Structures are given as structure tokens and as C-alpha cells.
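> here is a sequence with its predicted model. Questions after.
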Amino acid sequence: MSTFTMDTSTSRATPTPVPGKRMTAPSIRARKEKVEGGYRTEQPLVMLTAYTMRMAQLLDPHCDMLLVGDSLGQVIYGLPSTIPVTLEMMCAHGAAVVRGSWHSLVAVDMPFGSYEGSPDQAFANASRIMKETGCAAVKLEGGEAMAPTVDFLTRRGIPVIGHVGLTPQAVNILGGYGARGKTGDEAKLIERDALAVSEAGAFCIVVEGVMEEIATTIAQKVAAPIIGIGASAECDGQVLVTDDMLGMFERTPRFVKRFDDLAARISEAARTYAEEVRGRTFPTADQTYRPKPRQD
Ligand SMILES: Nc1nc(=O)c2c([nH]1)NC[C@@H]1CN(c3ccc(C(=O)N[C@@H](CCC(=O)O)C(=O)O)cc3)CN21
Ligand SMILES: CC(C)C(=O)C(=O)O
Ligand SMILES: [Mg+2]
């Protein structure tokens with residue numbers, strides 16, 4: 001069954017729109033229910049990162065949400081951290097991912113420096129991201145300090161995903177990418193951050209690189225679904241960087257499971273191609289334009 005049609009007016013491969021089928025911020029939020037003693041999620045939420053149209057097409061049917069992560073700084077652009085990532089990069093890749101998806105909610109990371117200054121700055125840049133990409137939500141890093149900004153955006157029509165625990169844009173403050181919440185005091189701060197962002201209106205929260213105990217507490221206490229990355233199975237959903245999960249990266253954090261070894265497969269394909277070009281065994285007649293033999 002073909003899921004795509006070619007939109008000839010733009011010559012772009014675009015998904016056939018299915019009205020009303022795309023996941024929405026309220027539908028994600030509603031996956032978590034109030035029960036006695038806290039909150040729980042029946043079926044875990046599935047999120048992966050995507051940066052390109054074609055990858056979005058392939059991942060979209062299997063996910064609830066696609067995240068255009070600022071990890072594209074490292075993954076796509078070879079930058080040393082997410083700090084140098086620009087609004088222009090996020091908009092370009094965000095638009096590509098929206099064009100390649102029709103089912104998953106697409107969220108775009110707000111890059112470092114585009115939202116921390118004030119709620120006004122955050123609104124100006126988040127609305128630009130939504131207008132230029134067609135995404136349904138933005139994600140921003142930070143806890144209590146960002147709660148007023150999360151509140152400001154959500155009251156003005158912008159669904160927000162929070163991100164607490166290991167927040168990579170704060171790498172220069174944290175001093176590295178080590179797991180967070182190893183002391184009781186730090187654990188309390190991360191819990192307060194998640195609660196503050198949830199109460200400010202975030203429809204879900206990414207919790208990254210924290211001890212399992214914290215994830216257990218937060219998942220139970222916080223109304224917004226908790227999407228974990230390196231935060232144990234106690235979360236309401238999981239996210240990974242797609243390139244990590246496909247085995248495209250040499251060195252990956254401990255929390256990554258490799259579901260494939262694409263790096264090895266790509267190297268092998270390139271090696272075979274080079275061998276055949278050099279040995280003149282590619283191209284063959286099948287890949288060569290020749291006049292058709294006459295039919296009469
Ligand atoms: N490819 C990729 N995957 C990610 O998960 C990711 C990015 N890029 N870029 C943005 C942030 C940065 N993240 C990172 C980066 C490194 C580690 C890491 O090296 N962790 C080590 C422990 C490091 C330490 O203790 O200092 C580990 O073994 O888990 C973890 C998360 C998560 N995000
Ligand atoms: C790892 C996820 C949560 C992220 O923020 C990113 O890909 O930038
Ligand atoms: Mg990010």
C-alpha cells in the first residue's frame with residue numbers, strides 16, 4: 001500500500017494529509033491519567049528525533065512524536081555541542097520533518113539563546129518556528145527558572161514540551177554530560193523543576209540522564225507525561241536520538257541501545273561501490289541508457 005503521493009505542484013514528496021489524524025498536544029497530555037496517589041500512563045509514548053524529510057517519513061508511522069532536536073548540531077553539523085545551533089538551522093530542518101510526516105506530533109527544540117532572555121523573546125522565536133515549520137509544539141530546556149516562560153507561551157497558543165535533568169545547553173554550567181540527581185539535594189531540585197514546568201502548562205516533559213529513583217517519583221507525582229532518555233523504564237514514554245539508535249555514532253551514551261548497525265552497513269555499501277567502479281563491474285547494461293531494440 002502506497003502511503004505517499006507526489007505533489008506535482010511543488011515537485012516535493014508530501015504525505016497524503018489525513019484530516020484530524022495527527023497527534024495533538026492535548027491527545028498526548030491525555031495519555032496520562034489521575035489515579036489514587038498520583039498519575040499513571042497505560043501505554044508508553046514513543047518519540048524519536050528526526051532532522052530530514054525522508055527519515056521523518058520512515059519513522060512517523062511508528063511514533064507518537066517526532067522531535068527536531070538541537071542534537072542536530074552534533075549529529076548533522078559536526079559541532080562540538082548544541083550551543084552554536086541557530087534558529088535558522090532549527091527552522092530549515094523543522095520544515096523538512098513536518099513535510100515528511102502526517103501522523104506524529106512534530107516538536108522543534110528552541111536553540112540556546114533563543115528563549116532564555118525573557119518570555120517576550122521566547123514568544124517571538126517560538127512563534128517564528130511554528131510559522132516557518134508548521135510544527136505543533138516547541139521544546140525548551142529548564143525547570144523552575146523557565147516556568148514563567150512556559151506559562152507565557154502556553155497561554156498564547158504555543159504548546160510546550162519541558163526538558164529537565166541533564167540539559168545539554170547548560171553543559172558549561174553542569175561541567176559535562178554525566179547523570180544528574182546523584183545526591184538527595186540535586187534529586188529534590190530536579191523534582192521541583194519537573195513539577196514547576198508541568199504546573200506552568202507543559203503537555204509533556206523530557207527527563208534526561210537522571211537516576212531511576214527520580215524518574216519513578218516524578219512520573220508518579222507530575223501530571224504531565226514524562227518522556228525519558230537515560231531515565232529508566234519508570235517514565236511515561238521514551239525518546240532516543242535516532243542516529244544513536246541506528247548505530248550511526250561511534251561513541252554513544254550508556255543509555256543508548258543500538259537497534260541496528262547502520263554505520264557498518266553504509267561503510268560496506270560504499271566499499272563495494274568503490275570496488276565495482278575501480279574493477280569496471282559497475283555500471284552494467286541494466287544501468288546504461290541504450291536505444292531500445294526495434295519491436296517490428
Ligand atoms: N548523538 C547524540 N545523542 C544524544 O543523546 C545527545 C546528543 N547527540 N546531543 C545533545 C545531547 C548531549 N547528550 C549527551 C552527550 C553525551 C553523553 C555522555 O557522554 N554520557 C556518558 C557519561 C559522561 C560523563 O559521565 O561525563 C555515558 O557514558 O553515558 C550523554 C548525553 C544527549 N544528547
Ligand atoms: C535528546 C533529545 C531529548 C534532545 O533534546 C535532542 O535531540 O536535542
Ligand atoms: Mg535538545
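Thanks, I have the structure now. Ligands and ions are numbered 1, 2, ... in the order given.
> I'd like to know how far the most centrally placed residue in the chain sits from ligand 2.
Centroid check for the chain by CA atoms, centre = their mean gives residue 67 as the closest residue, at 2.1 Å. When distance is defined by CB to the nearest ligand atom, to the nearest Å, residue 67 is 6 Å away from ligand 2. The way it works is simple: take the backbone N, C-alpha and C, and place the C-beta from them, glycine included.
> dihedrals phi and psi, that residue?
phi -110, psi 120 (degrees, to the nearest 10).
> that one bridge partners, please.
residue 49, residue 107 (DSSP bridges).
> stretch 22-41: end-to-end distance?
One end of stretch 22-41 sits 20 Å from the other (CA to CA, to the nearest Å).
> swap that for stretch 107-115, please
Across stretch 107-115, first to last residue, CA to CA, it's 15 Å.
> close to ligand 2, is that stretch?
Yes - under the criterion of CB under 6 Å from any ligand atom, ligand 2 is reached by stretch 107-115 at residue 109.
> check which residues of that stretch are buried.
Neighbour-count burial for stretch 107-115 flags 107, 108, 109, 110, 111, 112, 114, 115 (criterion: 16 or more other CB atoms under 10 Å).
> of those, which are in range of ligand 3?
Restricting the buried residues of stretch 107-115 to those touching ligand 3 (CB under 5 Å from the ion) yields residue 109.
> doesn't residue 239 belong to a strand?
Yes - assigned with DSSP: H, G, I helix; E, B strand; the rest coil, residue 239 falls within a strand.
> neighbours of it, how many?
27 (other CB atoms under 10 Å).
> so what's it closest to, chain neighbours aside?
residue 47 (3.9 Å; CB to CB, 6 or more residues apart in numbering).
> who's in contact with that neighbour?
63, 64, 65, 66, 67, 227, 237, 238, 239 (CB atoms under 8 Å, 6 or more residues apart in numbering).
> over to residue 243?
49, 75, 249.
> distance between the strand or helix carrying residue 58 and the chain's centre?
Element membership for residue 58, per DSSP states H and E: helix 53-59. Offset of helix 53-59 from its chain centre (CA atoms, centre = their mean, to the nearest Å): 12 Å.
> wait, does that helix contact ligand 2?
No - on the criterion CB under 6 Å from any ligand atom, helix 53-59 is out of touch with ligand 2, staying 13.0 Å away.
> can you name every helix or strand that that helix contacts?
Packing contacts for helix 53-59, counted by 3 or more CB pairs under 8 Å, 6 or more residues apart in numbering; DSSP states H and E, involve strand 12-15, helix 87-99.
> buried residues in stretch 181-188?
So for stretch 181-188, counting by 16+ other CB under 10 Å, buried means 181, 187.
> hang on, residue 203 packs against residue 162?
No - under the criterion of CB atoms under 8 Å, residue 203 makes no contact with residue 162, lying 9.0 Å away.
> please consider this matter closed, and thank you.
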